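what's the 3D shape of this:
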Amino acid sequence: MLATIDLNLLRTFVEVYRARNLTSAAETLRVSQPAVSHALKRLRTHFDDPLFVRTGTGVRPTRLAVDLYADVSGPLSRIVARTEDGTRFDPSSSRRRFRIALTDLGEAGLLPRILLATAEVAPGISIEVVPLDIESVAHDVLSGDIDAAITSSPVIGPVHQEILFQDRYACLAPSDLDHDDGRIRVEDLRRLPEARVGAAAGHRAITEAVTTLGAGVMSSVPQVEVPRFTSLPWIVARCGYVAIVPIDAFAALALPAGVRLLELPFPSPTTSVHLISHNDAGATSSTAWLLDTMRSALAA
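Numbering: from 1, shown residues only. Model (predicted):
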């Protein structure tokens with residue numbers, strides 16, 4: 001059923017699926033919205049299925065579309081990358097679109113550095129950021145759904161993993177809390193409720209610090225668990241909680257009034273920040289360029 005279909009139609013399908021919006025997909029493909037609509041009409045006829053159903057904000061895929069996306073997104077991404085690399089990749093003139101998986105903390109602390117580095121030499125490329133799920137990131141890389149990911153723990157799967165830099169942990173605490181020369185007191189860690197980011201964000205070292213180095217000080221189960229880092233400063237500032245966070249990443253962010261970073265009262269574990277990519281990512285010069293640019297941007 002796929003052998004006779006135009007690859008450009010499948011590329012349109014993939015972009016509509018990802019954007020869930022025809023206008024956004026048209027902008028990504030740099031074509032008109034009527035062209036996207038016409039492509040979808042041809043696809044609907046070919047598959048005898050509506051593929052997408054209109055919603056109040058865009059479209060949602062049908063069951064067939066979900067299955068089709070799983071089948072074609074990875075292979076199509078690799079075909080597009082190799083087609084665009086058919087001649088020597090020139091970042092200064094390329095209009096390649098890359099997809100990177102990041103946590104919300106990665107978006108706030110690392111993405112600006114990546115964008116500055118890519119824009120300097122490749123003003124025509126675009127980058128789409130998707131939320132990082134530590135459980136699915138290896139599959140997403142292997143399928144070609146994303147070009148790279150940045151995680152704070154290793155992932156399981158036959159992907160390429162390299163350490164970009166080391167980070168360590170500190171404590172977000174209310175700014176009016178007494179401390180010992182910038183170090184939170186053990187008794188305050190015991191008595192104050194804790195907010196923690198869930199395991200899907202990939203910071204398993206936080207839980208390890210609590211259950212090992214912080215054994216007998218903090219509970220193994222936090223009072224509140226959230227999916228994103230960027231909500232933690234507000235919870236601490238407004239509710240009087242504490243939260244263990246990567247210190248270098250948070251030191252680069254503007255914290256709201258009422259919260260400060262304090263050192264832990266026990267030795268802080270270090271965590272390795274990893275760059276995740278496909279094992280054959282170097283086979284396409286565009287992806288190899290992206291990975292090299294990310295390495296350089298985040299090495300400082």
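
got any ranges where the chain has weak pLDDT?
1-4, 77-88, 200-216, 281-283, 300 (pLDDT under 70).

can you pull the domain assignment for it?
1-84, 166-271 (automatic domain parsing).

would you turn those into CSV with mean neighbour count and distance to residue 94?
The way it works is simple: take the backbone N, C-alpha and C, and place the C-beta from them, glycine included. Listed next are the domains of the chain as CSV, based on neighbours: other C-beta atoms under 10 Å; distance: least, C-beta to C-beta, whole Å:
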stretch, mean neighbour count, distance to residue 94
domain 1-84, 16, 7
domain 166-271, 17, 29
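
any chance of these in CSV, plus distance to residue 124?
Listed next are the domains of the chain as CSV, based on distance: least, C-beta to C-beta, whole Å:
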stretch, distance to residue 124
domain 1-84, 10
domain 166-271, 28
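
what's the closest non-adjacent residue to residue 17?
residue 69 (4.8 Å; C-beta to C-beta, 6 or more residues apart in numbering).

and that neighbour, what does it touch?
Contact analysis of residue 69 by C-beta atoms under 8 Å, 6 or more residues apart in numbering lists 13, 14, 17, 61.

what's the most distant pair in the residues you listed?
14 and 61 (11.0 Å; C-beta to C-beta).

what number of residues lie near residue 109?
Residues lying near residue 109 (other C-beta atoms under 10 Å) number 22.

which SS state does the closest residue in space to it that isn't next to it in sequence fall under?
Spatial nearest neighbour of residue 109, excluding adjacent residues (C-beta to C-beta, 6+ apart): residue 249 at 4.5 Å. Here residue 249 is helix, with the state taken from DSSP: H, G, I helix; E, B strand; the rest coil.

how much space is there between residue 249 and residue 285?
31 Å (C-beta to C-beta, to the nearest Å).

quick revisit: part of a helix, is the residue nearest to residue 17?
Yes. Assessed with three-state DSSP, residue 69 lies in a helix.

any idea what residue 276 is bridged to?
residue 149, residue 161 (DSSP bridges).

what is the neighbour count of it?
25.

where along this structure do the helices fall?
Secondary structure of the chain (DSSP state H): helices at 7-19, 22-29, 33-47, 63-84, 104-109, 111-121, 137-143, 186-191, 204-208, 232-239, 247-251, 285-299.

how about those in TSV, adding distance to residue 226?
Putting these into TSV (distance: least, C-beta to C-beta, whole Å) gives the following:
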stretch	distance to residue 226
helix 7-19	26
helix 22-29	28
helix 33-47	37
helix 63-84	28
helix 104-109	10
helix 111-121	20
helix 137-143	19
helix 186-191	19
helix 204-208	12
helix 232-239	7
helix 247-251	15
helix 285-299	25
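
for residue 272, which of these is the nearest?
helix 204-208 (8.9 Å).

contact partners for the residue nearest the centre of the chain?
By C-alpha atoms, centre = their mean, the chain has its centre lying nearest to residue 102, at 1.7 Å. Residues in contact with residue 102 (C-beta under 8 Å, 6+ apart) are 110, 111, 129, 130, 131, 132, 149, 150.

just checking, the second one touches residue 129?
Yes. With the criterion set as C-beta atoms under 8 Å, residue 111 and residue 129 qualify as a contacting pair; they are 6.4 Å apart.

OK, contacts around the closest residue to residue 37 other than its chain neighbours?
Leaving out its chain neighbours, the residue that sits closest to residue 37 by C-beta to C-beta, 6+ apart is residue 22, at 6.5 Å. Taking C-beta under 8 Å, 6+ apart, we find residue 22 in contact with 16, 33, 36, 37, 40, 58, 59.

shouldn't the last one be in contact with residue 20?
The reference is to residue 59. Yes. With contact defined as C-beta under 8 Å, residue 59 reaches residue 20; the gap is 5.8 Å.

I'd like the contacts of residue 22 as a markdown table, with distance to residue 8 appended.
Formatted as a markdown table, those follow (distance: C-beta to C-beta, whole Å):
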| residue | distance to residue 8 |
| --- | --- |
| 16 | 13 |
| 33 | 16 |
| 36 | 11 |
| 37 | 14 |
| 40 | 12 |
| 58 | 21 |
| 59 | 19 |
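
pick the one among these closest to residue 74.
Proximity of these to residue 74 (C-beta to C-beta) peaks at residue 16, which lies at 16.9 Å.
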